[in-house]
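Q: using only what follows, build the 3D model:
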Amino acid sequence: MDQQLDHIYLIHYILAGSGTFKTDQSIYKLHAGQGFLIEPGQETTYIADKNTPWSYVWIGFSGNFADQLMQQIPLNQREPIFSLNDPKRLIELVNLLLLKSVNSTTKKLLNLSYLLEFLSIISNATIISRKSTTSISDVYVEKAISLINKNFPNISAASLAQMIGLDRSYLGKRFKKVTGMTLQTYLKNYKITQARHLIESTNLSLLEISQKCGYQRTPWQELLKLPMV
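A: As a prediction, the model looks like this:
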C-alpha cells in the first residue's frame, strides 16, 4: 500500500445496496445499515454487489491523537464491522466535515468536534462478531492474497501461480471456491480498491493514482464510480 495511506483511518457506512468487504483473514457480506473500518496500513478489498450495488459515505482521519481516539471505541482491525439503525446524525456529520471553509483554528476545532461526535456514534453501534463471517482457511489462497498485497501492482494471475508453485487453473479453482470470485476478478477489484483508497485519502490527481495502481491508461469511468453523500 502507498505510504501516504499508512497513517489514515477510514470508516465507511453503507447507505443502500450491498457488497463484500475482504481482509486477509475474513470475508464479510455487508448491506445497508452496516459499515466497516480500514486501519492504517491494512490491506483490504471492497466490492459492490452486481445486482444491488452499494452507495456509502466515509470519512478518513489521521493525526497525533488518531490512535488514542480509536482505542476508545470497540471497532478495530480484528472486528471491523458495525451496524447502525439510525444513521441520520452520522450522515449530517459527514456533510459538515465536507463543507469547505477558511483554514482557521476555529474551523479545525469545529471539525474535531464533529469527528469526536462521529466516533461517539460509532462507539454505540453494534459491533458484528467475526463468528458471523466467513474465514479464509485455504493456505494457498491465504498465500495468494498475501503475495498480491506485497507485490501490487506488479503481479498477474500467471506470475502469482508461478510464485506459489501451483498450476494457474488449479489455483484459480481453489481461489474461487474460497472467495467466491475468480482470481482475475479479485485482481481487478483489488486494483480499483487501491485506487479508491488513494482518491479518498490523498490529493493525488486521477492520472497519478492510475500510474501508482498500474493502469496503462486512466480508467476514468471506474475510478469515478464513487458514492455520493
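
Q: start from the N-terminal end of this structure and give the helices.
A: Secondary structure of the chain (DSSP state H): helices located at 66-70, 88-98, 105-123, 139-151, 157-164, 168-179, 183-201, 206-212, 220-223.

Q: dump the ones you listed to CSV, plus mean pLDDT and mean neighbour count.
A: No exception for glycine: its C-beta is placed from N, CA and C like everyone else's. Formatted as CSV, the helices of the chain follow (pLDDT from 0 to 100; neighbours: other C-beta atoms under 10 Å):
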stretch, mean pLDDT, mean neighbour count
helix 66-70, 91, 14
helix 88-98, 91, 14
helix 105-123, 91, 14
helix 139-151, 84, 17
helix 157-164, 91, 16
helix 168-179, 87, 16
helix 183-201, 81, 20
helix 206-212, 82, 16
helix 220-223, 52, 12
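
Q: for Y9, which of these is the nearest?
A: Each of the helices of the chain has some distance to Y9 by C-beta to C-beta; the shortest is helix 66-70, at 5.9 Å.

Q: other SSEs contacting the closest one?
A: Packing partners of helix 66-70 (3 or more C-beta pairs under 8 Å, 6 or more residues apart in numbering; DSSP states H and E): helix 105-123.

Q: the helix it packs on to helix 88-98, inter-axis angle?
A: Helix 105-123 runs at 150 degrees relative to helix 88-98, counting by axes from the mean of the first three to the mean of the last three C-alpha atoms, to 10 degrees.

Q: for helix 105-123, packing partners?
A: Identification of packing neighbours for helix 105-123 by 3+ C-beta pairs under 8 Å, 6+ apart yields strand 55-61, helix 66-70, helix 88-98.

Q: of the ones you listed, which is nearest A32?
A: With C-beta to C-beta as the measure, strand 55-61 is the member of these nearest A32 (8.7 Å).

Q: contacts for the closest one, please.
A: With C-beta atoms under 8 Å, 6 or more residues apart in numbering as the test, strand 55-61 has contacts from 8-17, 35, 90-91, 94, 97, 115, 118, 200-201, 227-229.

Q: apply 7 Å and report the result again.
A: Contacts of strand 55-61 with the rest of the structure, by C-beta atoms under 7 Å, 6 or more residues apart in numbering, involve 8-17, 91, 94, 97, 115, 118, 200-201, 227, 229.
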